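1. Curious how this folds, go ahead:
(one chain, ligands or ions: 1)
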Amino acid sequence: MIKKFTESNKFLKEVLEVIPLASQTFSKSYLQYIKGEAPLFAARAKGAYIWDIDGNKYLDMINGLLPVILGYQYKAVDEAIKKQLKKGIIFSLSSALEYELASLLRKHIPCAEMARFGKNGSDATTGAVRLARAVTGRDHIAVCGYHGWHDWYIGTTTRDLGVPEDTKKLSHKFIYNDLASLEKIFAENPDKIAAVIMEIENYEEPKTGFLEKVKEITHKNGALLIFDEVITGFRWGLGGAQKYYGITPDLACFGKSMANGMPISALVGKKEYMEKVADIFYSFTQGGEALSIAAAIVTIKELEKKKVIAHIWKIGKILQDGTNKLLQKNRLAEFIKVKGKPCWQVFSISGVYGYSDLEIKTYLQQEIIQAGFLWYGQHNMSFAHTEKDIKKLLNAYAKIFQKIKKLLESKKLKENIKGGLITNVFKVR
Ligand code: PMP
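-> Numbers count the residues shown, from 1 in each chain. Sure thing, here's the model as predicted:
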């Protein structure tokens, strides 16, 4: 059955009149979808499935951009939220739940001697950067990866509109797996770098010794090491990627998967630094909101009790290996690869046969959506995904990859793209 997006397309026009971008998140907005040929608004979701406002059903490979690690409407989490709701959402004083969650984080995450909470990953990364500046008395930062929407980070990207030039000068980008690029920043800014903040792993694996060396260089230069675990946290393992790789940073930031979708993040780290959080300004009205904290506690306990992480790695591996095999079989592997760890995978696509990466991705998305999967180029695995689900996706890929290969070879891809192209949020300069 061909999926239609009449309601989504109609509603988009209305929403755009009152909400810029018609979404609260770039990656959930119409920019990320083939124009006119994709669902844009969700009606509901359960388990591993999501329904759009046209009534179409999809196996969700996005899972709210990673927070939904257990599955939608996961009973234990929803029950914990309801139970807390009966006691109150937020109070005029701090609640005991905060202590319970901080203790759980300390139990699992190597650097987490102390913790403070936030709402978005950006709260935690920005808090970590401010803390490092306060501890070291320095202003400059070295960054590697994505760290959120605040000035100090987004000023390093192409979407830097509105960020003061003076702020931009304080942040320096280095290249993953390239120690020389980090050393250069320290050499050019002696005694000025407060912290190195980085994603421990994105879709590229760390070269042997890379993370150890980053830590050594950072400390040798008197800076703090901050690991941004907003993606890796609760997916690489209960102790995050720092435990997985056995490298303990000074501070770390968690978010996304920690409460199965409830809005919460955590800034954690060594006591000697974290104690100073009381002196800087890291404080907000909703920081102790109890429904999210209750949800985080139960989510982490479910991760402890059930083989959630083992499951997402196991079926993730079947999917990743299966997809890469199909890409090879169809002689597409040279320019399309599924990278990353089994629990979180990313399609890496390059232009070929005169077509751009975005044209290839747009066609793939069009076909994958029609096959019944919500897809934006990643496999965000959840406990609700079953082996059967994954096999269905692999069967769909088998057909779609065969089709795209033919279209690429016969130079007929463009005329088979039925809507406008996906937009790059970060324009290539
Ligand atoms: N760090 C990383 C590694 C992220 O992926 C993200 C979000 N995509 C953030 C920080 C920012 O998190 P949030 O969008 O919740 O502010």
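2. Residue numbers of this structure in contact with the ligand?
-> For the chain, the contact set with the ligand under Cβ under 6 Å from any ligand atom comprises 120-122, 125, 145-148, 199, 228, 230-231, 255. Where you see a C-beta, it was placed from the backbone N, CA and C, and this is true even at glycine.
3. Looking at those, which are in helices?
-> If you go by DSSP state H, these have Gly121, Ser122, Thr125 in helices.
4. Looking at neighbours, which among these is most surrounded?
-> Thr125 (30 neighbours; other Cβ atoms under 10 Å).
5. residue contacts, the closest residue to Lys213 other than its chain neighbours?
-> Spatial nearest neighbour of Lys213, chain neighbours left out: Leu179 (5.4 Å); criterion: Cβ to Cβ, 6 or more residues apart in numbering. Taking Cβ atoms under 8 Å, 6 or more residues apart in numbering, we find Leu179 in contact with Phe210, Lys213, Val214, Ile217.
6. what's near enough to touch the residue of the chain found nearest the ligand?
-> Going by Cβ to the nearest ligand atom, the ligand is nearest to Gly121 of the chain, at 2.3 Å. Contacts for Gly121 (Cβ under 8 Å, 6+ apart) come out as His147, Gly148, Asp228, Val230, Cys253, Phe254, Gly255, Lys256, Ser265.
7. Format the contacts of Leu179 as CSV; extra columns: distance to Phe11.
-> Listed next are the contacts of Leu179 as CSV, based on distance: Cβ to Cβ, whole Å:
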residue, distance to Phe11
Phe210, 46
Lys213, 51
Val214, 46
Ile217, 51
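8. what's the pLDDT at the residue located most distally from the centre of the chain?
-> In the chain, the residue that sits farthest from the middle, by Cα atoms, centre = their mean, is Ser410; the gap is 36.2 Å. We have a pLDDT of 97 for Ser410.
9. Same check on the one 4 residues further on?
-> Looking at Lys414, its pLDDT reads 97.
10. Looking at the contacts of Leu179, which is nearest Tyr397?
-> Phe210 (31.9 Å; Cβ to Cβ).
11. Skipping adjacent residues, who's closest to that closest one in space?
-> Closest residue to Phe210 apart from its sequence neighbours, by Cβ to Cβ, 6+ apart: Asn177 at 5.5 Å.
12. so what secondary structure elements neighbour the strand or helix carrying Lys82?
-> Taking DSSP states H and E as the definition, one finds Lys82 inside helix 75-85. In terms of contacts (3 or more Cβ pairs under 8 Å, 6 or more residues apart in numbering; DSSP states H and E), helix 75-85 is packed against helix 290-305.
13. Tell me where the stretch 1-150 of the chain has strands.
-> Assigned by DSSP state E, counting those that start in this stretch, the strands in the stretch 1-150 of the chain fall at 42-46, 49-52, 57-60, 114-118, 140-144.
14. Just say which of those strands is most tucked in.
-> With neighbours taken as mean count of other Cβ atoms under 10 Å, the strands of the stretch 1-150 of the chain reach their highest mean count in strand 140-144, at a mean of 24.
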